[in-house]
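Peer 1: let me see the structure of the following:
(one chain, ligands or ions: 1)
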Amino acid sequence: MKKIRKLLEKKNKSKIICLTAYSKNIAEVIDKFTDLILVGDSLGSVLYNYNSTRKVTLNMMIEHTKSVRKGVSKSLLVVDMPYNTYRTRNEALKNCRKVIKETNCDAIKLEGGIKIVPIIKHLVQKKIPVMGHLGILPQSVKGKFKFKGKKPKERDQMIKDAKAIEQAGVFSFVLEGVEKTLSKIITKNSKIPTIGIGASENCDGQILVTDDLIGLTKSKIKFVKEFGNIRKTIRDAVKKYRREVKSLKFPSKKYLY
Ligand code: KIV
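Peer 2: Down below sits the predicted model:
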């Protein structure tokens, strides 16, 4: 709860830094620099090469979060509830409680607007901290993702969705693939922080998939910026290892028992 309060206090004061992690080692490296770490169901495509996040299971999310938890001490740890795990209030409560109990995460994230308001209200009433997710909703998309907020009807709906989930009790929400002036309106109208991904600088914070940011994936998504080239670092290290094994330089005396 203290970590959530700290996140809320950043609204209109300083940008909120969020990233994904799927394992302990990455979580440990990024934790010092992030306010929030999300175990995103994007792990389905990033790690398992699935063509949809719909194939991600509750157990996959639990096992990855257990690993991430071991690397996180400072940031707020949020877990995506996968597809078909929060269709009814009872199903959502049972599954969220299971995730929290088994992983010791701080909060869970659900995709959707007005339609999932009864679920959000129920979870919040039962003291489960909920983060929302609007804009592109990967769990609801079959096929290509489409940027949101160009059509007036779509804009009106998203403004209503944002208001509705805030009133239902989410402590923050992600805006994914949202037109910049719409992000501005929603962020201005909300008392809680908005976290953008492909939704412009108008959001209160930003999130990226860490594997994209470090250049581990070969992402072609427009909103992804590669801030590093970890593939090259890995390649260089492996080439060096290979060379030294072949030339009998490794293992040298120093590495022997
Ligand atoms: O699954 C995920 O990684 C996400 C972020 C991209 C926001 O939902």
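
Peer 1: near the ligand, which residues of the chain are found?
Peer 2: 20, 38, 40-42, 80, 174, 176, 197, 207, 209 (Cβ under 6 Å from any ligand atom). Glycine gets a C-beta too; all of them are placed from N, C-alpha and C.

Peer 1: got the domain ranges for the protein?
Peer 2: 2-226, 229-257 (automatic domain parsing).

Peer 1: pick the one among the residues of the chain next to the ligand closest to the ligand.
Peer 2: Closest approach to the ligand among the residues of the chain next to the ligand (Cβ to the nearest ligand atom): G40, at 2.1 Å.

Peer 1: all strands of this protein, in order?
Peer 2: Assigned strands in the chain, in chain order: 16-20, 36-39, 76-80, 107-109, 130-135, 172-176, 194-197, 205-208 (criterion: DSSP state E).

Peer 1: any chance of CSV for the ones you listed, columns mean pLDDT, mean neighbour count and distance to R89?
Peer 2: Formatted as CSV, the strands of the chain follow (pLDDT from 0 to 100; neighbours: other Cβ atoms under 10 Å; distance: least, Cβ to Cβ, whole Å):
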stretch, mean pLDDT, mean neighbour count, distance to R89
strand 16-20, 98, 24, 28
strand 36-39, 99, 29, 23
strand 76-80, 98, 26, 19
strand 107-109, 98, 24, 14
strand 130-135, 98, 27, 13
strand 172-176, 98, 27, 20
strand 194-197, 98, 27, 25
strand 205-208, 98, 22, 27
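
Peer 1: quick one: closest of those strands to V238.
Peer 2: Relative to V238, the nearest member of the strands of the chain by Cβ to Cβ is strand 16-20, separated by 24.7 Å.

Peer 1: would you state the helices of the stretch 101-250 of the chain in chain order?
Peer 2: 117-125, 152-168, 180-189, 210-213, 230-246 (DSSP state H, counting those that start in this stretch).

Peer 1: dump these to TSV, plus mean pLDDT.
Peer 2: Conversion of the helices of the stretch 101-250 of the chain to TSV gives the following (pLDDT from 0 to 100):
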stretch	mean pLDDT
helix 117-125	98
helix 152-168	98
helix 180-189	98
helix 210-213	98
helix 230-246	98
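
Peer 1: okay, these in TSV with mean neighbour count next?
Peer 2: Converted to TSV, those look like this (neighbours: other Cβ atoms under 10 Å):
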stretch	mean neighbour count
helix 117-125	19
helix 152-168	17
helix 180-189	18
helix 210-213	22
helix 230-246	11
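
Peer 1: V141: which of these is closest?
Peer 2: Using Cβ to Cβ, the helices of the stretch 101-250 of the chain put helix 152-168 closest to V141, at 14.1 Å.

Peer 1: return the list of helices and strands in contact with that closest one.
Peer 2: Helix 152-168 sits against helix 117-125, strand 130-135, strand 172-176, helix 180-189, with contacts defined as 3 or more Cβ pairs under 8 Å, 6 or more residues apart in numbering; DSSP states H and E.

Peer 1: CA atoms only for that helix - export them in PDB, please.
Peer 2: Taking Å, rounded to 0.1, in the frame of the first residue of the first chain, the C-alpha atoms of helix 152-168 are listed here in PDB:
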ATOM      1  CA  PRO A 152     -14.700  10.500 -32.400                       C
ATOM      2  CA  LYS A 153     -16.800   7.500 -31.200                       C
ATOM      3  CA  GLU A 154     -13.700   5.700 -30.100                       C
ATOM      4  CA  ARG A 155     -12.400   8.800 -28.200                       C
ATOM      5  CA  ASP A 156     -15.700   9.300 -26.400                       C
ATOM      6  CA  GLN A 157     -15.800   5.700 -25.400                       C
ATOM      7  CA  MET A 158     -12.200   5.700 -24.000                       C
ATOM      8  CA  ILE A 159     -12.900   8.900 -22.000                       C
ATOM      9  CA  LYS A 160     -15.900   7.100 -20.500                       C
ATOM     10  CA  ASP A 161     -13.900   3.900 -19.900                       C
ATOM     11  CA  ALA A 162     -11.200   5.900 -18.100                       C
ATOM     12  CA  LYS A 163     -13.700   7.600 -15.800                       C
ATOM     13  CA  ALA A 164     -15.500   4.400 -15.100                       C
ATOM     14  CA  ILE A 165     -12.500   2.300 -14.100                       C
ATOM     15  CA  GLU A 166     -11.100   5.200 -12.000                       C
ATOM     16  CA  GLN A 167     -14.400   5.400 -10.100                       C
ATOM     17  CA  ALA A 168     -14.400   1.600  -9.800                       C
END
